[in-house]
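[1] Just the structure for this:
(chains A, B, C, D and E)
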Amino acid sequence: MQILRVVRDLVATKRNVWLQSKSLRVVEDYQGNLEVALDPVGCKPGDFVIAIGISAARIAAGNPMTTTDLTIGGIIDHWSEEDWRS
Amino acid sequence: MQILRVVRDLVATKRNVWLQSKSLRVVEDYQGNLEVALDPVGCKPGDFVIAIGISAARIAAGNPMTTTDLTIGGIIDHWSEEDWRS
Amino acid sequence: MQILRVVRDLVATKRNVWLQSKSLRVVEDYQGNLEVALDPVGCKPGDFVIAIGISAARIAAGNPMTTTDLTIGGIIDHWSEEDWRS
Amino acid sequence: MQILRVVRDLVATKRNVWLQSKSLRVVEDYQGNLEVALDPVGCKPGDFVIAIGISAARIAAGNPMTTTDLTIGGIIDHWSEEDWRS
Amino acid sequence: MQILRVVRDLVATKRNVWLQSKSLRVVEDYQGNLEVALDPVGCKPGDFVIAIGISAARIAAGNPMTTTDLTIGGIIDHWSEEDWRS
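    Numbering: from 1, shown residues only, chains lettered A, B, ... in the order given. Model (predicted):
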């Protein structure tokens, strides 16, 4: 799983039915590369999260038919900029 | 999911039966790297889109037997060159 | 999907039964990195092709038990060196 | 499979139900890039481990519904900093 | 599929049950990056091999419950250092 930071919400009005009404977040890795993750946990910008990829992302969405390849699985309790690289 | 921009259509007359008659788009990431994505949404060049990978790409195609590893899942409402990197 | 160029055939006499008697091609990306793809389409060296990865590669092989993670899905009609990067 | 080193435990109190009560470890590759892996084996910081990704990560967790994309599969018997690159 | 070279055996006494008693090899790509692959073919150090990833790796292991994300699928007949990059 990746350790990512929530940047902000993503709005995509025109989307496929399997993503309909789900919360999408723009997330970044420690190098500032952006991706989009499904958020069934309820995160806010600035949260450091565990993001789950591959087929496990669909299961983590609560319904394996959800068309996601990256889903937020939890909010990390203690993490800061300095922890992002060993 | 990745945030990509639609570049143009891709024409491949000789292709396997599971991709037959589907719309394919050349898409690029913020560094200009090209990939090919299936488009069940209906995009035009210049659109910024959410692209879904892994096994979720097949579900997003509307039929899990579709042989795609990258499918456009939605068009992003507000996105520009400047938003592409945090 | 990736846009790759066929380099040549690959010969591997000693291989597992699920790949037996299938055509394998050495393919390269625009940076010259080599991979091996299964070819159910019938390509020749120099062809630019769409290559399908992930679990969709097995379906594109015509039998999901085929042990491939990269399968050629079609030959691109109009593509040249210059088109490889936007 | 990747060869990774265990750095420390990861605490995420708020997480999805499929990860509940599982041990999570922060792991690093030879370049110091961090990831999070599920640990059903019982590792301690400093251990060099084999980490299993893709859908096999879920099976390695003992229950394929576990939402992991990286699971520790074993502790390597003889490995040191010098072995990490050939 | 990747073209990799077998470096040596990997010993991991403490491992999960789905990998039990399988042969594991340390393999490298043309840049010297190391990975671990399951070897149902029977390779020796120095062999150039085709390595199968993603879910196909589990099928290539002979049993889809085998927890591998990289499995050796065959030994390449004619390959040398010079062939590794086009």
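
[2] Paired strands for the lengthiest strand in chain A, with orientation please.
    What stands out as the longest strand in chain A, according to DSSP state E, is strand A:2-9. With DSSP bridges as the test, strand A:2-9 is paired with strand A:24-28 (antiparallel), strand A:48-53 (antiparallel).

[3] Of these, which stretch is the most buried?
    The highest mean neighbour count among those, using mean count of other Cβ atoms under 10 Å in any protein chain shown, belongs to strand A:48-53: a mean of 26. No exception for glycine: its C-beta is placed from N, CA and C like everyone else's.

[4] Mind listing residues that contact that strand?
    For strand A:48-53, contacts defined as Cβ atoms under 8 Å, 6 or more residues apart in numbering or on different chains pick out A:1-6, A:27, A:35, A:37, A:41, A:43, A:60, A:69-76, A:79-80, B:54, D:10, D:12, D:15, D:19, D:24, D:36, D:67-69.

[5] if we look at the sheet, which residues does the closest residue in space to A:Q2 that isn't next to it in sequence bridge to?
    Spatially, and ignoring its direct neighbours in sequence, A:Q2 is nearest to A:A51 (4.7 Å; Cβ to Cβ, 6 or more residues apart in numbering or on different chains). Beta-bridge partners of A:A51, counted by DSSP bridges, are A:Q2, A:I72.

[6] again, but for A:L34
    A:E28.

[7] Surely it is in contact with A:V27?
    Yes: using Cβ atoms under 8 Å, A:L34 is in contact with A:V27, at 7.2 Å.

[8] What separation do you get for the residue in chain A that chain D sits nearest to and D:W18?
    Per Cβ to the nearest Cβ, A:G74 is where chain A lies closest to chain D, at 2.9 Å. Distance of A:G74 to D:W18, computed by Cβ to Cβ, to the nearest Å: 10 Å.

[9] cool, and A:R8?
    Look at A:R8 and D:W18: by Cβ to Cβ, they are 26 Å apart.

[10] neighbour count winner among those two?
    Of the pair A:R8 and D:W18, D:W18 is the one with more neighbours under other Cβ atoms under 10 Å in any protein chain shown, namely 19 against 14.

[11] residues in contact with stretch A:71-86?
    Stretch A:71-86 is contacted from outside by A:1, A:3, A:6, A:25, A:27, A:30, A:37-41, A:43, A:47-52, A:56-58, A:60-61, D:7, D:10-16, D:19, D:26, D:28, D:32-34, D:67, using Cβ under 8 Å, 6+ apart.

[12] Just the buried residues from the residues you listed, in ChimeraX please.
    For the buried members of those, the matching ChimeraX selection, counting by 16 or more other Cβ atoms under 10 Å in any protein chain shown, is:
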select /A:1,3,6,25,27,37,38,39,40,41,43,47,48,49,50,51,52,56,57,58,60,61 /D:7,10,12,15,16,19,26,28,34,67
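
[13] export the strands paired with strand A:2-9 to CSV and tack on distance to A:W84 and mean pLDDT?
    Formatted as CSV, the strands paired with strand A:2-9 follow (distance: least, Cβ to Cβ, whole Å; pLDDT from 0 to 100):
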stretch, distance to A:W84, mean pLDDT
strand A:24-28, 11, 96
strand A:48-53, 8, 97
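
[14] can you redo those strands as JSON lines with distance to D:W84?
    What follows is the strands paired with strand A:2-9, written out as JSON lines (distance: least, Cβ to Cβ, whole Å):
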{"stretch": "strand A:24-28", "distance to D:W84": "28"}
{"stretch": "strand A:48-53", "distance to D:W84": "24"}
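
[15] for the lowest-mean-pLDDT helix or strand in chain A, packing partners?
    Ranked by mean pLDDT, DSSP states H and E, the weakest helix or strand in chain A is strand A:14-15, scoring a mean of 78. Counting contacts by 3 or more Cβ pairs under 8 Å, 6 or more residues apart in numbering or on different chains; DSSP states H and E, strand A:14-15 packs against strand B:70-75.

[16] and A:L4, what does it touch?
    Residues near A:L4 by Cβ under 8 Å, 6+ apart: A:V27, A:E28, A:D29, A:E35, A:A37, A:F48, A:V49, A:A51.

[17] sorry, back to before: next, show the common contact partners of A:L34 and A:V27.
    A:V7.

[18] Return the per-residue confidence for the most centrally placed residue in chain A.
    Nearest to the geometric centre of chain A sits A:A37, at 3.2 Å (Cα atoms, centre = their mean). As predicted, A:A37 sits at a pLDDT of 97.

[19] Excluding chain neighbours, give the residue nearest to A:V49 in space.
    Spatial nearest neighbour of A:V49, chain neighbours left out: A:I72 (4.8 Å); criterion: Cβ to Cβ, 6+ apart.

[20] Please report how far the one you found lies from A:V26.
    Going from A:I72 to A:V26 by Cβ to Cβ gives 12 Å.

[21] And for A:A60?
    Look at A:A60 and A:V26: by Cβ to Cβ, they are 18 Å apart.

[22] same deal with A:A51?
    Using Cβ to Cβ, A:A51 is found at 12 Å from A:V26.

[23] Identify the contacts common to these two.
    With Cβ under 8 Å, 6+ apart, A:A51 and A:V26 have common neighbours A:E35.
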